[in-house]
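Asker: Structural data only, the sequence is not supplied:
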């Protein structure tokens, strides 16, 4: 469960991205497609070449959603309700509990690359817990 | 047998050549114990693991982290026979240590994040890709002799 300290660390770290959120999202997706090719199967309609507008656009959406989640960590279920519905009913993806671990790993790598030593074990722990919580909420309506 | 492209081998070797095994190993193991606290059960004789600070400063954690990553170096040196390299260690982790192989995957992912934080932009997507593949192959090899 996310402690008060975890929430504070996440908000701080997110604050450090200062305007680069879009790039972070695009890079995380690109790394995910590169390192985990099966994840590409969920985007057959996308141009998946590096720097494609669709990857940038989707990265921006993903990061915006995470930003919303971060502003509403006390009520993730409600904040992500729309997205949860979308993933469960409209997007025939593998349960986010399984699929999101790859995005989580790649997002954390991007944060670690950009933040270096500032991506401390405590921050790492908080972000990992947060991404697990997001995946759990998105998976709520699956069955 | 796992196939490694020339590029993957080069990316792995070039990163490994710059790794401080003692520091990275200690950090990776410490992070495993901090981020996934249930793993502490395998190290009950390590003394004080009561907080991130205690874990990071714990000399047994540092020493064991170094041991683990040194062993990882064997995989890097023997990319074409990782299964054989870890055969005995796999038996050990199953029969004596009783470690769920899922934990190898967790440690592998953590190692990748540690490398990312140390190497910054040099840890390119292609680098990450090669290293995710390596940690996955190692985890697989360690799980192979389980029964």
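Answerer: Now that the structure is in, tell me what you want to look at. The shown structure was predicted, so the numbers you read here are calculated from the model rather than taken from an experiment.
Asker: Now do the helices in chain A.
Answerer: Under the criterion DSSP state H, chain A contains helices at A:4-16, A:21-35, A:53-71, A:76-79, A:81-85, A:96-115, A:121-139.
Asker: Same list, those, but as CSV with mean pLDDT and mean neighbour count please.
Answerer: The C-beta positions use only the backbone N, C-alpha and C, and glycine is treated the same way. As requested, those are exported to CSV (pLDDT from 0 to 100; neighbours: other Cβ atoms under 10 Å in any protein chain shown):
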stretch, mean pLDDT, mean neighbour count
helix A:4-16, 95, 15
helix A:21-35, 94, 22
helix A:53-71, 94, 17
helix A:76-79, 92, 16
helix A:81-85, 86, 16
helix A:96-115, 89, 21
helix A:121-139, 93, 20
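Asker: Compare those and report which one is nearest to residue B:3.
Answerer: Smallest distance to residue B:3 across those (Cβ to Cβ): 16.4 Å, for helix A:21-35.
Asker: ok, back up a step: now the helices of chain A in JSON lines, with distance to chain B?
Answerer: Output for those, formatted as JSON lines (distance: least, Cβ to the nearest Cβ, whole Å):
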{"stretch": "helix A:4-16", "distance to chain B": "11"}
{"stretch": "helix A:21-35", "distance to chain B": "4"}
{"stretch": "helix A:53-71", "distance to chain B": "12"}
{"stretch": "helix A:76-79", "distance to chain B": "20"}
{"stretch": "helix A:81-85", "distance to chain B": "24"}
{"stretch": "helix A:96-115", "distance to chain B": "4"}
{"stretch": "helix A:121-139", "distance to chain B": "4"}
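Asker: Would you check that residue B:130 makes contact with residue B:14?
Answerer: No - applying Cβ atoms under 8 Å as the test, residue B:130 and residue B:14 come out as separate, 9.8 Å apart.
Asker: Name the residue in these two with the higher neighbour count.
Answerer: In terms of neighbours (other Cβ atoms under 10 Å in any protein chain shown), residue B:130 is the more surrounded of residue B:130 and residue B:14; the figures are 23 against 12.
Asker: ok, now which ones touch residue B:34?
Answerer: Applying Cβ atoms under 8 Å, 6 or more residues apart in numbering or on different chains to residue B:34 gives the contacts A:121-122, A:124-125, B:52, B:55-56.
Asker: same check, this time on residue A:63
Answerer: Applying Cβ under 8 Å, 6+ apart, we find residue A:63 in contact with A:21-22, A:24-25.
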